[in-house]
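Enquirer: Model the structure of this input:
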Amino acid sequence: MVEQSNGIFTYRDASGSIQLQRLETVPSGVTLLMYCSPTDFKETMCQDNGQFSVPLPMHCLSPMQPVPKDIRDGDCAGNLYAVGYTIDGKDLELYRTCFDSGQGRLLYSQSDVYYKTFLYGVLVPKRPFVEFVADEMFSPQEAAAYMKSNIYFAFKCIYGDDQSYLPSANYLVINRGHMVASADFLFTDQMGSTFRYLNVVPQFKSINDGNWEKIERWVRSQIPNSSYFRVKSGGIGILTLPDTKGFLQSAFLAGSKIPVPEWTYKVVRDATGNGLYVFLTYNSTFQRERPQCLAICYPVNCPIALPNNPDDGFTFCCDPKRFPY
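Expert: Residues are numbered from 1 along each chain as shown. Take a look at the predicted model:
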């Protein structure tokens with residue numbers, strides 16, 4: 001029912017202020033407002049019998065789309081954007097992203113992730129099939145830089161015609177790695193909002209599908225049912241690899257833009273801002289030995305067992321009290 005509804009579900013809090021519906025359960029007596037546009041909405045109330053007054057799913061012919069909006073934050077070394085909606089004059093944020101437009105580089109994305117049960121049962125919501133949105137910060141050429149054939153030619157340009165990292169233009173090694181995961185959200189519109197170039201870094205595919213996804217799933221499984229975790233994910237450094245002459249060269253996908261981060265990190269905090277976990281993953285399958293940990297990470301035992309190999313992604317866990325991000 002949730003998956004087949006395509007509007008923006010909201011409710012009014014005790015003060016009458018509109019809020020995004022982020023939890024899977026709705027208390028009896030609460031009215032949901034599903035917005036198709038800022039002026040077009042439908043209401044349905046959760047009744048005492050456990051049914052909605054207007055049954056789900058509910059549909060919009062042309063649902064409104066989330067947009068990025070400039071916001072200010074001293075922690076962001078680039079431009080900070082809040083991706084979300086404006087309804088009733090209020091900004092409803094889904095997540096925020098810190099983006100360096102000069103380098104075409106996502107520095108970090110951050111969102112509040114809420115508890116939901118169906119992600120671990122039978123009813124797993126399908127990842128929506130949507131096109132990636134470039135917004136105004138990514139040119140069509142920069143967006144096309146993520147195509148595997150273009151990555152192949154970029155590597156030939158940087159590392160030499162005889163480079164061996166990518167054996168052919170059809171070889172998929174690096175893809176668009178979500179920093180805020182689509183599965184961290186509940187509704188289709190919220191999940192689809194994560195498919196933006198503002199929210200991805202060049203990430204090695206096997207690592208993205210390996211330890212990175214394992215970490216995302218584990219974090220979601222730890223969220224208390226009455227609260228949320230604030231999760232911040234980003235890239236650190238630029239991956240360097242030896243060219244055919246043995247000289248180290250930085251990896252970019254589009255000239256001197258869209259650098260491949262050497263590391264990706266995920267910081268998990270509780271609703272009060274208390275640091276809980278930090279995961280730091282090496283973003284390269286070309287280095288076959290476990291790398292030295294970054295100096296900013298004070299290693300601790302990981303709370304989850306993760307494969308220790310380059311294809312899944314060498315991962316360290318860091319002391320959240322001492323991690324600077």
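Enquirer: drop to CA atoms for contacts and neighbour counts, all remaining ones
Expert: Will do.
Enquirer: Tell me the helix or strand right after the longest helix seen in the chain.
Expert: Determined from DSSP state H, the single longest helix within the chain is helix 148-159. Using DSSP states H and E, the next helix or strand after helix 148-159 towards the C-terminus is strand 174-178.
Enquirer: then that following strand to CSV, C-alphas only?
Expert: Taking Å, rounded to 0.1, in the frame of the first residue of the first chain, the C-alpha atoms of strand 174-178 are listed here in CSV:
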residue,chain,number,x,y,z
ILE,A,174,32.9,2.0,-10.7
ASN,A,175,29.3,3.2,-10.3
ARG,A,176,27.2,5.8,-8.6
GLY,A,177,27.4,5.1,-4.9
HIS,A,178,24.5,6.5,-2.9
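Enquirer: what lines up beside that strand in the sheet?
Expert: Here strand 174-178 is paired, per DSSP bridges, with strand 200-204 (antiparallel).
Enquirer: Where does residue 215 fall, secondary structure wise?
Expert: Here residue 215, judged by DSSP H and E, is contained in helix 213-221.
Enquirer: Show me the contact partners of that helix.
Expert: Outside helix 213-221, the residues that touch it by CA atoms under 8 Å, 6 or more residues apart in numbering are 113, 114, 115, 120, 181, 184, 268, 279, 304, 306.
Enquirer: Kindly indicate the member of the residues you listed with the most neighbours.
Expert: residue 113 (27 neighbours; other CA atoms under 10 Å).
Enquirer: need the contact list for that one.
Expert: Taking CA under 8 Å, 6+ apart as the criterion, residue 113 is in contact with 184, 185, 220, 223, 228, 229, 230, 231.
Enquirer: Can you give me the separation between the fourth one and residue 96?
Expert: The reference is to residue 223. Applying CA to CA, to the nearest Å, one obtains 20 Å for the distance of residue 223 from residue 96.
Enquirer: These two: who's more crowded?
Expert: Neighbour count, other CA under 10 Å: between residue 223 and residue 96, residue 96 has more, with 24 against 17.
Enquirer: The closest residue to the more buried one other than its chain neighbours: how many residues sit nearby?
Expert: Nearest residue to residue 96 in three dimensions, chain neighbours excluded: residue 82, at 4.3 Å (CA to CA, 6 or more residues apart in numbering). Neighbourhood size, residue 82 [other CA under 10 Å]: 23.
Enquirer: May I have the strands that pair with the helix or strand where residue 82 lies, each with its orientation?
Expert: Here residue 82, judged by DSSP H and E, is contained in strand 79-87. Strand pairing for strand 79-87, using DSSP bridges, gives strand 67-71 (antiparallel), strand 90-100 (antiparallel).
Enquirer: Can I get those strands in JSON lines including distance to residue 242 and mean pLDDT?
Expert: Converted to JSON lines, the strands paired with strand 79-87 look like this (distance: least, CA to CA, whole Å; pLDDT from 0 to 100):
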{"stretch": "strand 67-71", "distance to residue 242": "38", "mean pLDDT": "95"}
{"stretch": "strand 90-100", "distance to residue 242": "26", "mean pLDDT": "96"}
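Enquirer: which one of the ones you listed is the most hemmed in?
Expert: Looking across the strands paired with strand 79-87 with neighbours counted as mean count of other CA atoms under 10 Å, the highest average goes to strand 90-100: a mean of 21.
Enquirer: Name the surrounding residues that touch that strand.
Expert: Strand 90-100 is contacted by residues 18-20, 76-86, 105-112, 180, 190, 193, 198-199 when judged by CA under 8 Å, 6+ apart.
Enquirer: Distance from it to the middle of the chain?
Expert: The chain centroid and the centroid of strand 90-100 are separated by 12 Å under CA atoms, centre = their mean, to the nearest Å.
Enquirer: what's downstream of it, the next helix or strand?
Expert: Per DSSP H and E, the helix or strand that comes after strand 90-100 is strand 105-114.
Enquirer: so where do the helices sit in the stretch 151-300 of the chain?
Expert: For the stretch 151-300 of the chain, the helices defined by DSSP state H, counting those that start in this stretch cover 188-192, 205-207, 213-221.
Enquirer: Out of these, which gets nearest to residue 172?
Expert: helix 205-207 (7.4 Å; CA to CA).
Enquirer: Can you tell me which helices and strands that closest one packs against?
Expert: Here helix 205-207 touches strand 174-178, going by 3 or more CA pairs under 8 Å, 6 or more residues apart in numbering; DSSP states H and E.
Enquirer: now the strand it packs on against strand 105-114, angle please.
Expert: 40 degrees (axes from the mean of the first three to the mean of the last three CA atoms, to 10 degrees).
Enquirer: now strand 174-178 against helix 148-159, angle please.
Expert: Put simply, strand 174-178 runs at 110 degrees to helix 148-159, going by the same axes, to 10 degrees.
Enquirer: thought the residue nearest to residue 96 was touching residue 66?
Expert: No - look at residue 82 against residue 66 with CA atoms under 8 Å: they stay out of range, at 9.6 Å.
Enquirer: so what's the residue lying closest to residue 306 once chain neighbours are set aside up against?
Expert: With CA to CA, 6+ apart as the criterion, residue 306 has its nearest non-adjacent residue at 6.5 Å, and that residue is residue 211. Neighbouring residues of residue 211 by CA under 8 Å, 6+ apart: 306, 307, 312, 313, 315.
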